[in-house]
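Peer 1: The following comprises the amino acid sequence and a computationally predicted model.
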Amino acid sequence: MERVIRDYTSVPGPRPATSYRAPLNQLGWAQSLATPAAKDMPTANNDTLYLSSVVQLDEPYVLHVPDTADRYYVVDVFNMWQELQHYVGRRTTGTAAGDYVLVPPGWQGTLPEGMQRLDVSTNKVWLWGRLHVKDGEDLAPLHALQQQFTLRPLSQRDNRDYQPKAQALPPLPVASDDGLDFFRELAAAIKDNPVAPRDEALFAQFGRFGLTAKGFD
């Protein structure tokens, strides 16, 4: 997950219309259906426009979804262990407009009335979405609908002039030639994504070859 979110926040220039990569803390939408040349995620599903967003939760973030008039959509919320923690969309939350607040671990505060709190277990999440495209329909109205999905920090929810800052994730450890890079990357990832309590006993066994919550030696 730490590797792939770095891929998905690395936006090619120019970005192909089929791509849905986006900078950190921004929403990325595909503007057209995939072709055989599409590189983001090879898939046989080609009746939805895809969405992707990697969110660094330095504070809660508000995901606003518009009224899609019963059109199918979904925004899955994955933690960094690739566990699906929340599902926003027609199957579970309907298609009316709404505000969903992604709340990082340990955050203490009160949300404004009318917002739905979505607690997550890691300080980064990956939003992965889809919006239904009917066979042969004009995509222009769907592009306008995509623009109504927004993501912004809770502290900026009422700031009409809000513009996301350019941010990037720090690089993973520099590769070497000693065959141990995987463990260095895993140690770096675990520092940001603590092992779940249910896995601590299993993880403790890795200490025998130098991998602990403090790093890899």
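Peer 2: Thanks, I have it.
Peer 1: do you know how far residue 43 is from residue 70?
Peer 2: Plainly put, residue 43 is 24 Å away from residue 70 if you go by CB to CB, to the nearest Å. C-beta: built from backbone N, CA, C; applies to glycine.
Peer 1: residue boundaries of the helices in this protein?
Peer 2: 2-8, 90-93, 140-146, 181-192, 200-204 (DSSP state H).
Peer 1: list the buried ones in the longest one?
Peer 2: The neighbour-count check on helix 181-192 (16 or more other CB atoms under 10 Å) flags 183, 184, 185, 186, 187, 188, 189, 190 as buried.
Peer 1: For the residue nearest the centre of the chain, give its distance to residue 21.
Peer 2: Note on the chain: the residue nearest the mean C-alpha position is residue 126, at 1.8 Å, using CA atoms, centre = their mean. From residue 126 across to residue 21, the span is 12 Å (CB to CB).
Peer 1: likewise residue 142?
Peer 2: When distance is defined by CB to CB, residue 142 is 19 Å away from residue 21.
Peer 1: I'd guessed residue 102 sits against residue 120; true?
Peer 2: Yes: the pair residue 102 and residue 120 passes the contact test of CB atoms under 8 Å, sitting 6.0 Å apart.
Peer 1: Pull up the overlap in contacts between those two.
Peer 2: Common contacts of residue 102 and residue 120, defined by CB atoms under 8 Å, 6 or more residues apart in numbering, comprise 57, 77.
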